[in-house]
Every structure is written in C-alpha cells, then in structure tokens.
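**Student:** here are the coordinates; sequence isn't available:
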Ligand SMILES: Nc1ncnc2c1ncn2[C@@H]1O[C@H](COP(=O)(O)OP(=O)(O)OP(=O)(O)O)[C@@H](O)[C@H]1O
Ligand SMILES: [Mg+2]
C-alpha cells in the first residue's frame, strides 16, 4: 500500500504550538505535546515544495529507536508512537499515524547542545580562519571532514528567526549555571559517542549532531525534541568517506545535486523536485533506518 506524502498536518482539536520547517507540534494537555513529523524537506535552509514520502515516519521511528537505546544515559520525553495509546482525536486523524510522537512537556533549555566529531560546515570555516572551533583549539593542518581526536561540544542559541548562533561554554554557564552546563556537555558527548560508534559499525558516519534538553515536571533533566535523525545530524555514507573534501550527505545528496544543476539562487521559493529525485531520496531515508535499526520500516 502506498501512503500519500504529507506536507501539512491538521489537528483542529488541539492547539498548534509551533510549525517548524519539518515538524508540527500540538499541545495535547497540560503535560503532553504531540510532535508530528511531516514529509517536508528543507535544503539550503529552505523548505521545498515537494514532500518526501515516508520521511516523517523515518524521523519519528528513528528518534524512538535512539530514545530507547540511549535511555540508560539519560531519560527522555518519549511516551509513545503507538497511535492506539493516544487520545481519540489523534487516532481518528489517520494521516498522523506512524509519524507522531506523544511526549512529556518540558521546560526546554534555550540552547542547542551541538557535538561535532568531524571538521565540517561552519566548524571547518572557523578552523580555516582561526585554527579553532567555538573556542576549541585544534591541531594545525587538519583536512576538511577530518575526524577529530575527541568530539567537541559547541553550543548554540536557539534563534527564533534565522540561524542559530554559536556561543561559548562560558555563555552557557552564565545562562544555566555551572552544574547544569557540565551535565549537558558530558551527557551530550556521551550520547554522541555511543551513537557514533554504533552507527559507524553499520555504515553511517554521524559527523555531528544537535541535542536539546529540558526539565520535566519533577525538575529532572530529560532529553527532548528529536534525536540523532538525519534532520538533526549530518549523516555520511561511511563507504565513500575520504577526508580532504566535502562528503556526500547520506540522505539529501540527490536533492542537493539536483538543486545545483537547475541554477536555483537558493532563495525561496525553491523549485519542485522531479519524481525520481523525490523517490530516490525517500529510499535513502528508509535505507538509513534499515542500516541503523536492522529492521525494515
Ligand atoms: N518535550 C518538549 N517540551 C517542550 N518543547 C519541546 C519538547 N520537545 C521539543 N520541543 C520544542 O518543540 C519545538 C520543535 O520545533 P522544530 O524543531 O520543529 O522547529 P524549529 O526548531 O523552530 O525550526 P527547525 O525546523 O529549523 O528545527 C522546538 O522549539 C523544541 O525545543
Ligand atoms: Mg528545531
């Protein structure tokens, strides 16, 4: 059975808290949110008009997989992805099935806990200019996409509009205090190391990733948002990894390659994707899920 791709969710019974680039978040009750991963895809920071079938399902299932796998390191907001255990209004909205996660509402810390294991993106640019990445002094003569000896914690603010801004650990300390900052840094690095090691053995390099944390109703720090998905991380195919150049993206490369060939100026509106580009991208997301979990979605 083919299920139509979903660009836009609608759940009138609940208040829409936020429509992100990819996910729609609803307030279910005082203590719970519903995070709906649509099939929207962004490239070069722009939402494309063409949805990617089953992408939302992959994001949701992969987050669930990691929350469960990593729960000995830190508890999370995860409650269920089984729509049969959700309020009736959600069960009746069939296009939300398999792409929705019920979570505990948290008081989210206003920082993104970024961990980088490889020298890429803005980190690579900063390194070329200064020899450092967000205050971490690195050895000279590293190549683009080089694996770092130790992963580094490079927090950023959560910008409402536009780009998140890198901040120093000292700034995080000012915001959250020393004890919380130490805990977030150590936990983020432990989570990344565990996931990276696991993924590497299954053919995927997780070059970097972003975690969010918050306090639950008892004041306990929990992992929230999505975790270790291709949308919150850079996934590279391990097979073709060669330092000294940029790496193809595991999931979005067909999309990026296509957009480069059509001469789009990378300003909205973005062009439609041809059917075969959308289909092969969908297949890549499913492949990432298959490799990481060992299961067919
Ligand atoms: N358990 C939770 N309790 C409260 N808020 C949460 C919880 N989990 C995630 N959130 C918040 O839900 C929001 C999800 O928004 P989303 O990530 O989709 O959009 P965005 O961050 O604005 O933009 P982008 O699409 O670029 O990521 C984030 O602000 C996140 O902090
Ligand atoms: Mg976000």
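**Tutor:** Sure thing, it's come through. For clarity, every value in this text was computed on a predicted model and none was experimentally measured. Numbers count the residues shown, from 1 in each chain. Ligands and ions are numbered 1, 2, ... in the order given.

**Student:** give me the secondary structure label for residue 207.
**Tutor:** Secondary structure, DSSP: H, G, I helix; E, B strand; the rest coil: residue 207 is strand.

**Student:** what residues are up against residue 135?
**Tutor:** Contacts of residue 135 were listed using CB atoms under 8 Å, 6 or more residues apart in numbering, and they are 168, 169. In short, each C-beta sits where N, CA and C put it, glycine included.

**Student:** can you list the residues of the protein near ligand 1?
**Tutor:** When proximity is defined as CB under 6 Å from any ligand atom, the chain approaches ligand 1 at 18, 20-23, 25, 33, 77, 103-106, 108, 212, 214, 224-225.

**Student:** ok, the nearest residue to residue 274 once chain neighbours are set aside to residue 55 distance?
**Tutor:** Distances taken as CB to CB, 6 or more residues apart in numbering put residue 258 closest to residue 274, at 7.1 Å, once the chain neighbours are dropped. Distance of residue 258 to residue 55, given as CB to CB, to the nearest Å: 16 Å.

**Student:** just the buried residues out of the residues of the chain next to ligand 1, in PyMOL syntax.
**Tutor:** Per 16 or more other CB atoms under 10 Å, the buried members of those correspond to this PyMOL selection:
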select buried, resi 20+22+23+25+33+77+103+104+105+106+212+214+224+225
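
**Student:** coming back round to it: okay, now the residue nearest to residue 274: neighbour count?
**Tutor:** Residue 258 has 19 neighbouring residues, counting by other CB atoms under 10 Å.

**Student:** and what of residue 36?
**Tutor:** Residue 36: 26 neighbours (other CB under 10 Å).

**Student:** same check, this time on residue 219
**Tutor:** Residues near residue 219, counting by other CB under 10 Å, number 7.

**Student:** confirm that it sits in a helix.
**Tutor:** No - counting by three-state DSSP, residue 219 is not found in a helix; it is coil.

**Student:** got a list of what it touches?
**Tutor:** Applying CB under 8 Å, 6+ apart, no residues contact residue 219.

**Student:** same thing with the one 4 residues further on?
**Tutor:** Going by CB under 8 Å, 6+ apart, residue 223 touches 67, 70, 74, 75, 76, 77, 187, 191, 211, 212, 213.

**Student:** what of residue 180?
**Tutor:** For residue 180, the contacting residues are 109, 221, by CB under 8 Å, 6+ apart.

**Student:** so where's the stretch 151-297 of the chain shaky on pLDDT?
**Tutor:** 162 (pLDDT under 70).

**Student:** which stretches in it count as strands?
**Tutor:** Using DSSP state E, counting those that start in this stretch, the strands of the stretch 151-297 of the chain run over 156-157, 204-215, 221-224, 233-237.

**Student:** buried residues in the second one?
**Tutor:** Burial within strand 204-215, assessed by neighbour count using 16+ other CB under 10 Å, is assigned to 204, 205, 206, 207, 208, 209, 210, 211, 212, 213, 214.

**Student:** JSON lines for those residues, including distance to residue 154?
**Tutor:** Converted to JSON lines, those look like this (distance: CB to CB, whole Å):
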{"residue": "204", "distance to residue 154": "21"}
{"residue": "205", "distance to residue 154": "18"}
{"residue": "206", "distance to residue 154": "15"}
{"residue": "207", "distance to residue 154": "13"}
{"residue": "208", "distance to residue 154": "8"}
{"residue": "209", "distance to residue 154": "11"}
{"residue": "210", "distance to residue 154": "10"}
{"residue": "211", "distance to residue 154": "12"}
{"residue": "212", "distance to residue 154": "14"}
{"residue": "213", "distance to residue 154": "15"}
{"residue": "214", "distance to residue 154": "20"}
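
**Student:** which one of these is nearest to residue 173?
**Tutor:** When these are ranked by distance to residue 173 (CB to CB), residue 213 comes first, at 15.2 Å.

**Student:** wait, the closest one sits on residue 187?
**Tutor:** Yes - using CB atoms under 8 Å, residue 213 is in contact with residue 187, at 7.5 Å.

**Student:** domain map for the chain?
**Tutor:** Segmentation of the chain into domains, based on automatic domain parsing, reads 1-105, 108-240.

**Student:** give me the common contacts of residue 213 and residue 187.
**Tutor:** 74, 221, 223.

**Student:** nearest residue to the middle of this protein?
**Tutor:** Most central in the chain under CA atoms, centre = their mean is residue 232, positioned 1.6 Å from the mean C-alpha point.

**Student:** which residues touch it?
**Tutor:** Residue 232 makes contact with 209, 210, 211, 225, 226, according to CB under 8 Å, 6+ apart.

**Student:** out of those, give me the two with the largest separation.
**Tutor:** Of all pairs drawn from the contacts of residue 232, the one with the longest distance (CB to CB) is 209 and 225, at 11.3 Å.
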